[in-house]
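Chemist: Task: produce atomic coordinates for the following.
(chains A, B and C)
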Amino acid sequence: MIGKFIKSAGWPRIIIAAFLLGLFIAAPFVGVNIYTSFNNTLVRFGMNGIMVLAMIPMVQAGCGLNFGLPLGIIAGLLGATLSIELNTQILEWLVKFGTQYKYLSFLSQEFVTAYRQPIGFASAIIIAIPIAAVLGWFYGKLLNRVKGDEMMIATYVGFSSVSFMCIAWLLLPYKHPTMVWGYAGRGLRTTISVEGYWLRILNDALAIDVNEHLRIPTGMLIFFAVTAVIVWIFMRTKTGTALTAVGSNPEFARASGVNVDRMRTISVVMSTILGAVGIIVYEQSFGFIQLYMGPFYMALPAVASILLGGASVNKASILNVIIGTFLFQGILTMTPSVFNSVFQTDMSEVIRLIVSNGMILYALTRKVRA
Amino acid sequence: MIRKFFDIVANNAVPAIFILISAFAIPLSGFSASYLVQELLTRIGRNSFLILSLLIPIMAGMGLNFGMVLGAMAGQIGLLFICDWGVVGIPGMVLACLIGTPIAIVLGIFCGHILNRAKGREMVTSYILGFFINGVYQMVVLYLMGWVIPITNPTLLLSRGYGVRNAVSLMGIRGVLDNLLPTVIAGTEGAKQFLNVNGANTYLLLQIPCLDGAIRLPLATFIIIALFCAFIIWFRKTKLGQDMRAIGQDQGVSHSSGIPVNRTRIIAIVISTVLACYGQIIYLQNMGTLNTYNSHDQAGMFSIAALLIGGASVSRASIANVFVGVILFHLMFIVAPMAGKNLIGEAQIGEYFRVFVSYGIIALALVLHAWKRNREREAARRSMRGDK
Amino acid sequence: MFVAFLKFLMRWFQRLVLVAALIALGIWLFYIGREHQIFLDNKTFGDFKALEQVNVSINNGETVELMPRERDMKKVVGPKFEIKAEVFDDKGEISNTITKTINLCFSKDIMINLPAFAGGAENFIVPSPK
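Modeler: Alright, predicted model coming up:
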């Protein structure tokens, strides 16, 4: 029984879970507040969850782990920056719609001003989704041509799109004074604060203060849950099952009349959109939009999380996402605090590198179709 | 006909794009010819060895060895030790190689075993392995050195007493190989000046009247690189080299003809890792400073980008590709920031462009290779079915 | 059977010799390539009073002038070096020239107390400062 469990979970996962458990047990003895740790873990879970969720469609459709997540993140960054740049215009349009169409009459000036922040957040997502869809579509077409090498190419598609956008962030005609460099009057800053726009909009929505150290970010968790449910439902629609069929046996899927390439493209588009939404959720909690090289390595934690949760290179579920994100973010929050109080040094960076890449390595060296 | 044209374009697209970019960027940058030649010669000496270390795994069909950073890390550990002990000059360099070799061999064997478990996914696996070992390396260098591993030189350690500093000066071995046989190429005037300053122990290799100034030639480094090239040419003809090429063609056939496939693949990676270790030591003796936590990262990315720019693909790379690549890649490296500055008024753009091109070119080469392979596979399947 | 065993033994012996040779090479490189800091100290040492002025050159390199209570440092590579000290009397003329080859072996940095060195004492090498 135990042997079977170990075999199915895999040694690395058990070691890492035991390590996390050890950290949680050790925490009170070394003077780390368990509530603070739990609070941080929960917040980071909500921040990163959707980006981990973005792995599911591509893994299920047999496109492998989406190392090209930065592409989706870029779409999200475009949405986020545009929502700030066009903030006043968007609000004006909404008021105009409110006066023009009767059924939108609730969009009064007062309403729009009062809900300025949620509208800003929603507009970021609404702008980001079509951009992500277009980018994802091209990305999907590309991946269809390179079957078998998706992961390596995805990595470099991610890298080159990030470095391409570095040039674009400098040249795009953004004007908003909080976003561009003050002295030059153009070129976006490396980090842009979302304060006054949609800072912690999900974190603070319906938040429950348990005590002074623990504040449950209910809004963000609900947002994650809703997204997860949407993905879950999608995977059970006709398209979703066809997609899984393509992943588990492409020859069989082709024979039964499924358009393999189309399914794969859909999965990539979906993954890219989720990546875009994911980064916006991340930013509203983090407080800053990180441009330039910011999204560069963001795929690796997401990939590591889902693998840690029990996914393999060609099979992933929502449960894998939840468990994996919780474990991974738990380790990231617990190691610095516990190690700091024990050894007076922060080893978290090294542990993050070893855990996340060790996990990916473990998954890559498994037999694919056992 | 069209297919043939497509093949030629696909095989040479990358170098062609680069020649085109350089043709625009060189005049824009406004650098003089002698400056460019000097910089290029320095960079050929600095980088070629690292890039050459990639050739053997490609021969064995294992793709681009992103795991070469393992060798680079081994080399850096060797350098850290000789810095601590204060061993300088050529003996210092050789000692660093000697210390790095066993580490590189162990890492190479480990890498080979991992890659044998991930056949068909070697590149992404070796890439992630690089990150993983980077974590271990950081653990060793940042926490164990000065604590478990004795490091006595306080200038090497962080102020807290253990862990190596971010930047380590390699003054003791800086340029020792490059300047072992000091040689210049110079114009008439430049030669006089140069010999006046540097005295009689500099050899004047070539006198070109039209050249202004003098160009230093790292002759000893070039000799080492030439020896390495000769080694690769010889190695291809040995039994082991032939086995590797056979495995690169078809693993199944090789196995049935009695070649120990897995073992040979491990040997290929070990050779590559050890050579990358030496390459990194040569690279760093030219640079003169070791960025303890970044130097190896860049080594892998830049070497692979350069090789691909030289027209190599994932399955086929020659010595010529290495040198064409290093020249084209570094030409762009030198001129891009200046060209960006003169064109748009911002050097940062050129800098980003350079990074974009490095990554973009790797992406492009990988895509072209996978695309071509899939088309061939498709064609093979069609011909098996019997329809044209 | 026996021959096969011998062959096996021979193989390991060869490997052992190779490894030993490489280690020996490493030690030799360490020996000949090590850089040493030679501190030159012109300070009263026991019965030897600080010298009025002493000019020191190492391996026939550049000469350093040391007044009383002055200290300087030179770097040498390799285990052996030659030190030449010219001691001046109070009239400003060379009163004594001493040349000596010192073998450092595997030690790293040393300090030479010049009054003791010039006075012909045996124990002129003192621990180097941190």
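Chemist: Now do the contacts for the closest residue to chain B within the stretch 201-350 of chain A.
Modeler: Proximity of the stretch 201-350 of chain A to chain B (Cβ to the nearest Cβ) peaks at residue A:350, 4.8 Å away. Bear in mind the C-beta positions are built from the backbone N, C-alpha and C, glycine included. Residue A:350 is in contact with B:135, B:138, B:139, B:142, B:143, counting by Cβ atoms under 8 Å, 6 or more residues apart in numbering or on different chains.
Chemist: Quick check: which element contains the first one?
Modeler: In this case it means residue B:135. helix B:122-139 (DSSP states H and E).
Chemist: What helices and strands are in contact with the next helix or strand after that helix?
Modeler: With elements assigned by DSSP H and E, the helix or strand that comes after helix B:122-139 is strand B:167-169. Here strand B:167-169 touches helix B:68-85, strand B:289-291, going by 3 or more Cβ pairs under 8 Å, 6 or more residues apart in numbering or on different chains; DSSP states H and E.
Chemist: now those as CSV including mean neighbour count, distance to residue A:113 and mean pLDDT?
Modeler: Listed next are the helices and strands packed on strand B:167-169 as CSV, based on neighbours: other Cβ atoms under 10 Å in any protein chain shown; distance: least, Cβ to Cβ, whole Å; pLDDT from 0 to 100:
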stretch, mean neighbour count, distance to residue A:113, mean pLDDT
helix B:68-85, 28, 54, 92
strand B:289-291, 18, 51, 89
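Chemist: Which single helix of chain C contains the most residues?
Modeler: Longest helix in chain C by number of residues (criterion: DSSP state H): helix C:2-33.
Chemist: one step back: how much space separates the residue of the stretch 201-350 of chain A closest to chain B from residue B:134?
Modeler: With distances taken as Cβ to Cβ, to the nearest Å, residue A:350 is found 9 Å from residue B:134.
Chemist: all strands for chain C, in order.
Modeler: Taking DSSP state E as the test, the strands found in chain C are C:35-42, C:53-58, C:63-66, C:70-77, C:80-88, C:94-103, C:110-113, C:125-126.
Chemist: now the longest helix of chain C against helix B:68-85, angle please.
Modeler: Interaxial angle of helix C:2-33 relative to helix B:68-85 (axes from the mean of the first three to the mean of the last three Cα atoms, to 10 degrees): 50 degrees.
Chemist: Show me how far helix C:2-33 is from its chain's centre.
Modeler: The chain centre lies 31 Å from the centre of helix C:2-33; the measure is Cα atoms, centre = their mean, to the nearest Å.
Chemist: That helix versus strand C:80-88: what angle between them?
Modeler: Counting by the same axes, to 10 degrees, helix C:2-33 lies at 20 degrees to strand C:80-88.
Chemist: If you count contacts, what does helix C:2-33 end up packed against?
Modeler: Applying 3+ Cβ pairs under 8 Å, 6+ apart, one finds that helix C:2-33 contacts helix B:89-116.
Chemist: helices and strands around the helix it packs on, which ones?
Modeler: Packed next to helix B:89-116, using 3+ Cβ pairs under 8 Å, 6+ apart, are helix B:68-85, helix B:122-139, helix B:261-287, helix C:2-33.
Chemist: Perfect, I'm done here.
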